[in-house]
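Undergrad: what follows is a predicted structure for the sequence shown.
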Amino acid sequence: MKTFHVTLANSLAAFLINSTVWFAVTFWVFLETKSVIATSVMAGVFTLTVAFSGFLLGSLVDRYPKKRVMLLSSVISLVLYALASFIYVTTPPEVFSDAASVRLWIFIVLALVGAIFGNLRSIALATLVTILVPEEGRDKANGLVGTANGVSFLGASIFSGLAVGYLGMFWLLMIAVTLTVLVIAHLLTLTIPDLPKKLRHAHDGEPEHEHEDQQDNRIDLRGTIAAIKLVPGLFGLIFFHTFNNFLGGIFMSLMDAYGLLLVSVQAWGFLWGVLSLGFIVGGIVVARKGLGKSPLRTLFLANIAMWSICSVFTLQASIVLLAVGMFVWLCLIPAVEAAEQTILQKVVQPERQGRVFGFAQSVEQAASPVTAFLIGPIAQLIFIPFMTTGAGVDLLGPWFGTGTDRGLALLFTVAGVIGLIVTLLAMRSYSYRALSANYQNQAEDQKLAEAYPDPA
């Protein structure tokens, strides 16, 4: 557990850096270009890269020692942040005010891909929970991971808004480069164990391992799918999260634009810092209390609460209503993430967990780019006109309000209602019942194994 805690602390620092860069670039681009479409395309680029990289990153985590892949994550981020800094200082400032500028998008892609490579750490950390933490404590360890994500989100939210408002992008990039070097130096001092050799597809020269060795030298998508199929209902859980991310892409793409229409960038960044305490509160609760006997049920109940909140937290143009709703929403995210990780750690073989985590990340994130690329034009061309000069002004305006922000708010409300309906239907599905039964059977088998150990 000591090794886990130190590794988690190192990852927390890396998460903080990557989240700060991601937030700051998003804020900065909107302020420079005043384009909702630009921020939605940015979100699409981010999630599209996450979706396609998950397969590869998961394979790397399974194939190589966990410390090595975590080092690779930070080194690549360092190189890309340095290149982004070079583009920034060699480009005239007026170029960045044009949302169609090629140099602007080169800068965006370099910075965001640098942040995205932090996902390699996330996958590795999820598998390290299996390696370093006893099974009965994994849900709580996953809660600690959620707390770490919350702390990084808190720090990034506060610092990114203040940095963009007072320091500018140049100094923020310089800080990111410096801190990434320190994270790498600290990680080099750590000793992080890996899976026992008998559980890894190592090249031991024995004929019966030949097929597994070949799988280790490639992404092995077919083998990963086969491993998921062995667990009844697991595909259903992945597809449920995929649909949630399809709707979630709306909030990811447009929430910053909505918030910046209500308050200044400094206030918005500070508000996100305060709201991010919800991540920490939720993570601490999971770390102390666990997820109960059925993490799957906990996951779905949390989703019901989250979509209910999304249906009402923008009904009025109130920063207070938005803040309260977002705080409760953020409190629930660690429970959802910890529940999914706990389920996968329970029902998937340890030697394939990296690939399964990577596959789940890729499939689940694949929906968000579709939403992100589409939702900006939909908001700009349909919902915003509907609530500014269209029929929505007379139909909804008297109680909902009118204007650009109310067009975005209407989009959020519609997405929340759809998400709530789908979640309620999913709880009545075969996949939900099958996965729940499988998890309980695994838990009972584990108790029997502990009570009656193999004499051999």
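TA: That came through, no problem. Bear in mind the structure is a predicted one, so any value in this text is a computation, not a measurement.

Undergrad: may I have stretch 152-165 exported as PDB, CA atoms only?
TA: Written as PDB, here are the backbone C-alpha positions of stretch 152-165 (Å, rounded to 0.1, in the frame of the first residue of the first chain):
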ATOM      1  CA  SER A 152      -6.000  17.500  -9.800                       C
ATOM      2  CA  PHE A 153      -9.200  18.900 -11.200                       C
ATOM      3  CA  LEU A 154      -9.500  21.300  -8.300                       C
ATOM      4  CA  GLY A 155      -6.000  22.600  -8.700                       C
ATOM      5  CA  ALA A 156      -6.200  22.800 -12.500                       C
ATOM      6  CA  SER A 157      -9.500  24.600 -12.400                       C
ATOM      7  CA  ILE A 158      -8.300  27.300 -10.100                       C
ATOM      8  CA  PHE A 159      -4.800  27.700 -11.600                       C
ATOM      9  CA  SER A 160      -5.800  27.500 -15.300                       C
ATOM     10  CA  GLY A 161      -8.400  30.400 -15.000                       C
ATOM     11  CA  LEU A 162      -6.000  32.600 -13.000                       C
ATOM     12  CA  ALA A 163      -3.100  31.800 -15.200                       C
ATOM     13  CA  VAL A 164      -4.900  32.600 -18.400                       C
ATOM     14  CA  GLY A 165      -6.300  35.800 -16.800                       C
END
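
Undergrad: lowest-scoring secondary structure element of the chain by mean pLDDT?
TA: When each helix and strand of the chain is scored by mean pLDDT, DSSP states H and E, helix 210-216 comes last, with a mean of 43.

Undergrad: mind giving me the packing neighbours of the helix or strand that comes right after it?
TA: Downstream of helix 210-216, the first helix or strand assigned by DSSP states H and E is helix 221-229. Here helix 221-229 touches helix 36-63, helix 234-262, helix 353-378, going by 3 or more C-beta pairs under 8 Å, 6 or more residues apart in numbering; DSSP states H and E. Where you see a C-beta, it was placed from the backbone N, CA and C, and this is true even at glycine.

Undergrad: wait, doesn't Ile17 sit right on Leu173?
TA: No. Ile17 is not in contact with Leu173 according to C-beta atoms under 8 Å; the separation is 10.7 Å.

Undergrad: what's the mean pLDDT across the lengthiest helix in the chain?
TA: The residue-count maximum for a helix in the chain (DSSP state H) belongs to helix 2-33. Averaging pLDDT along helix 2-33 yields 85.

Undergrad: tell me what it is packed against?
TA: Using 3+ C-beta pairs under 8 Å, 6+ apart, helix 2-33 sits against helix 36-63, helix 66-89, helix 102-116, helix 118-132, helix 138-162, helix 169-188, helix 234-262, helix 265-275.

Undergrad: which elements pack onto the second one?
TA: On a contact count with 3+ C-beta pairs under 8 Å, 6+ apart, helix 66-89 meets helix 2-33, helix 36-63, helix 102-116, helix 118-132, helix 169-188.

Undergrad: now do the contacts for Gly118.
TA: Counting by C-beta atoms under 8 Å, 6 or more residues apart in numbering, Gly118 touches Ala14, Phe15, Asn18, Ser73, Ser77.

Undergrad: turn these into a markdown table, columns for distance to Val347.
TA: Listed next are those as a markdown table, based on distance: C-beta to C-beta, whole Å:
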| residue | distance to Val347 |
| --- | --- |
| Ala14 | 28 |
| Phe15 | 26 |
| Asn18 | 29 |
| Ser73 | 26 |
| Ser77 | 32 |
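
Undergrad: now, among those residues, which is nearest to Ile131?
TA: Ser73 (17.5 Å; C-beta to C-beta).
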